[in-house]
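Peer 1: need coordinates for the following:
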Amino acid sequence: MAPPEQVVNLVGLMATRRVALLAGTAGIAAGLLLWRLTLAVIPIGADATSMALRLGLAAAAMLPCAAILAAMILAQMAGRFLLGAFDPTGGDASRFLRTNQRVISNSVEQLMVFTPSLLALAAAAPRAAMPGVLALAVVFAFARLAFWAGYLAAPLARAPGMAATVTVNLATLLAATWFWLH
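Peer 2: The predicted model follows:
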């Protein structure tokens, strides 16, 4: 028989996982809703006949993603300056600095999946699908903001943004692969 503290820990872990799953599901639903709403306001893309224009539109759609990453980096720099934690290996980093660095690292990793996938999708998808392709970048940017804000608030609160990011990445990667193979 397990000691009572192990049972309590297991129950707490199961409850935390349920909350993370629920929050992640909410993040996916919010991402899908945002994608659908964004489709209604993107007036460009469907008329993109040339490959250069399609790739240019996709690259331009990623500018908010780049701006958010730049904001994360600037926040890290400001935090280091204001807190006097100039040596990142010195062990004197605050929770904010440690968490923000993890957010930056994760965002770069996610962008390494999203960027080539979005460009490949823009190049291969039917012309009429371009508004949907461009809307993916909007959802990715908002998902990264939600991840950043959530992670700074509490580790569990990052779940909606992370789930939305992974969903966008997988959808973009799978759609690009589908269109290139067919």
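Peer 1: which element is Ala26 on?
Peer 2: helix 4-41 (DSSP states H and E).
Peer 1: kindly report the same for Gly91.
Peer 2: Using DSSP H and E, no helix or strand contains Gly91.
Peer 1: tell me the spacing between it and Leu22.
Peer 2: Going from Gly91 to Leu22 by C-beta to C-beta, to the nearest Å gives 36 Å. Backbone N, C-alpha and C define where each C-beta goes, glycine included.
Peer 1: the helices in the protein, which residues?
Peer 2: Ranges of helices within the chain are 4-41, 51-61, 63-83, 95-124, 130-153, 159-181, based on DSSP state H.
Peer 1: in TSV: the ones you listed, plus mean neighbour count.
Peer 2: Below are those laid out as TSV (neighbours: other C-beta atoms under 10 Å):
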stretch	mean neighbour count
helix 4-41	13
helix 51-61	16
helix 63-83	15
helix 95-124	18
helix 130-153	22
helix 159-181	19
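Peer 1: any chance of CSV for the ones you listed, columns mean pLDDT?
Peer 2: As requested, these are exported to CSV (pLDDT from 0 to 100):
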stretch, mean pLDDT
helix 4-41, 85
helix 51-61, 93
helix 63-83, 95
helix 95-124, 96
helix 130-153, 96
helix 159-181, 97
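Peer 1: rewinding a little: the inter-axis angle of the helix holding Ala26 versus helix 159-181?
Peer 2: 50 degrees (axes from the mean of the first three to the mean of the last three C-alpha atoms, to 10 degrees).
Peer 1: what is the burial count for Ile44?
Peer 2: 13 (other C-beta atoms under 10 Å).
Peer 1: for it, give me its contacts.
Peer 2: 57, 130-131, 134 (C-beta atoms under 8 Å, 6 or more residues apart in numbering).
Peer 1: redo that, cut-off 10 Å
Peer 2: Going by C-beta atoms under 10 Å, 6 or more residues apart in numbering, Ile44 touches 53, 57, 60-61, 130-131, 134.
Peer 1: same deal with Ala75?
Peer 2: Ala75 touches 96-97, 100, 103-104, 148, 152, counting by C-beta under 10 Å, 6+ apart.
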